[in-house]
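Asker: need a 3D model of the following:
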Amino acid sequence: MRITKSVSLMLLAGVASIGVVQPSMALEAQAFLDRVALVYKTIGYEFAFGEGRVEGDTVIVDGVKVGLAGIDTFDFPTEITFSGVTERSDGGYMVREVSIPDIDTEFAKKPSGHVTLADVKMEGLYLPGGEAIPAGALLQLVQSISTGPLSLTRDGKEVLSYDSVVAGSTFTPAQGEAITDLTSKLTVSGITVDLTSVKEEDPAAGAIIDELGLDTVSGNVTQNLSWSMADGRMVMDQFLFDFADVGALDINLDVTGMTPEMLDKIYAMQAAMATGDATSEEAQSAQMMSGMQLMQAISIVSAKVRYDDASLAGKLLDFFASQSGGDRATFVAGLKSMLPTLIDQSGIPTLKDVVVPPVSAFLDDPQSLEVTVQPENPTTLLVLTAAAANPAGLITALGLAITANE
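Answerer: Reported below is the predicted structural model:
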């Protein structure tokens with residue numbers, strides 16, 4: 001009898017526990033999804049998630065609608081899985097991995113558009129707690145994002161594809177703490193762009209594409225960046241667009257002043273512009289003051305843009321020479337003779353010595369062209385803006401230099 005009574009009490013307790021635990025699990029899933037939406041709203045996204053459920057330390061959600069300023073809401077009606085979810089003491093979360101099924105869907109009717117994307121994965125998702133999300137936390141939202149192949153077709157013809165994307169960041173100290181430094185890398189491999197559709201829509205551009213033999217363009221994109229929070233020193237030592245039989249364009253940048261505190265001011269200014277009357281005299285005055293503060297805080301250490309030709313420049317010179325009815329040597333000589341006059345029209349005589357020799361050398365033998373900016377000392381954007389009143393002085397202040405074929 002006592003045994004039967006004990007068993008009955010245990011069963012009742014189990015039923016009661018289920019009644020308590022089930023709503024709690026649903027609430028935890030919703031609380032987690034609400035936190036995702038709140039954090040990403042800070043950087044401009046609007047997430048409306050479907051129903052979520054919890055399975056152990058995994059949150060599974062049935063689809064999401066994504067909105068972004070200036071872009072129509074995108075409905076993504078597929079299951080998203082957040083694995084290894086742990087709650088932090090501040091009400092935030094850490095997520096080991098986010099995965100979604102492969103994408104295979106239409107995105108347009110006329111002309112028909114279809115996209116496929118495989119192996120989409122995010123690792124190390126950080127969702128900071130609190131209502132106000134500081135910039136230092138926003139910089140740590142994701143450790144890595146990767147995808148497999150993408151294919152984009154219009155009317156059944158592939159117009160864009162790539163093999164993979166890998167983007168990752170390393171944080172010091174560990175993700176979720178007060179960040180002091182980060183490094184990040186991005187690689188987009190095996191990009192292929194089909195330009196034949198451009199030929200169909202723009203016959204003039206099509207003639208150039210045919211002459212250059214560029215029905216398709218293939219290449220890769222890579223980027224490396226390091227960032228110190230103490231002084232806001234951001235060094236992008238590579239942002240390379242490298243396309244076979246075309247050329248390689250590499251952008252380097254070194255600035256200081258991009259601290260988390262400065263980013264918070266930028267976000268606050270953007271939020272004020274989005275919610276207030278941006279046309280009022282008071283708002284415009286506040287925006288001007290904020291803009292001047294930002295320009296005073298951010299300094300340029302150096303910048304560089306380098307182009308290495310892989311036949312594109314030579315083909316363009318040949319094409320335009322043929323269009324002019326002459327040979328390439330005659331066409332190049334004409335361009336070189338025009339350069340000094342064009343520079344004179346800018347009203348900056350000193351620019352002639354900077355531009356004419358290297359550009360002339362590149363036209364004669366197009367190998368590489370590099371533009372660098374390297375002030376003697378790091379110079380604020382505000383000082384450079386003031387120096388623009390005297391263009392000749394600005395060239396000196398910037399340390400502007402152009403080199404060719406080096």
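
Asker: name the helix or strand of the chain that has the lowest mean pLDDT.
Answerer: Ranked by mean pLDDT, DSSP states H and E, the helix or strand of the chain with the weakest confidence is helix 2-41, at a mean of 56.

Asker: buried residues in the lengthiest strand in the chain, which are they?
Answerer: With secondary structure taken from DSSP state E, the chain has its longest strand at strand 71-87. Buried positions in strand 71-87, judged by neighbour count with 16 or more other CB atoms under 10 Å: 80, 82-85, 87. No exception for glycine: its C-beta is placed from N, CA and C like everyone else's.

Asker: need the strands for the stretch 51-200 of the chain, in chain order.
Answerer: Ranges of strands in the stretch 51-200 of the chain, per DSSP state E, counting those that start in this stretch, are 52-55, 58-68, 71-87, 93-99, 103-108, 113-117, 121-127, 142-147, 150-154, 157-162, 164-172, 181-194.

Asker: rank these by pLDDT, which is bottom?
Answerer: Of all the strands of the stretch 51-200 of the chain, strand 103-108 carries the lowest average pLDDT, namely a mean of 86.

Asker: list the strands paired with that strand, with their directions.
Answerer: Paired strands of strand 103-108, with direction, are strand 113-117 (antiparallel) (DSSP bridges).

Asker: so the protein: which segments form each domain?
Answerer: 1-71, 88-228 (automatic domain parsing).

Asker: can you tell which of these is closest to residue 299?
Answerer: For residue 299, the closest of the domains of the chain is domain 88-228, at 13.7 Å, according to CB to CB.

Asker: gap between the residue nearest to the spatial centre of the chain and residue 103?
Answerer: Centrality entry for the chain: nearest residue to the mean C-alpha point is residue 186, 9.7 Å, by CA atoms, centre = their mean. Relative to residue 103, residue 186 is positioned 21 Å away (CB to CB, to the nearest Å).

Asker: and what of residue 244?
Answerer: Distance of residue 244 to residue 103, computed by CB to CB: 28 Å.

Asker: neighbours around residue 310, how many?
Answerer: The burial metric for residue 310, expressed as a neighbour count using other CB atoms under 10 Å, is 16.

Asker: which ones are touching the closest residue to residue 113 other than its chain neighbours?
Answerer: Take residue 113 and drop its neighbours on the chain: the residue closest to it by CB to CB, 6 or more residues apart in numbering is residue 107, 4.7 Å away. Residues in contact with residue 107 (CB atoms under 8 Å, 6 or more residues apart in numbering) are 113-115.

Asker: let's see that with 10 Å instead.
Answerer: In this structure, residue 107 makes contact with 74, 113-115, 152, 154, judged by CB atoms under 10 Å, 6 or more residues apart in numbering.

Asker: my guess is residue 217 contacts residue 196, does it?
Answerer: No. With contact defined as CB atoms under 10 Å, residue 217 does not count as touching residue 196 (11.3 Å).

Asker: surely residue 157 meets residue 195?
Answerer: No. With contacts defined as CB under 10 Å, residue 157 does not count as touching residue 195, sitting 11.8 Å away.
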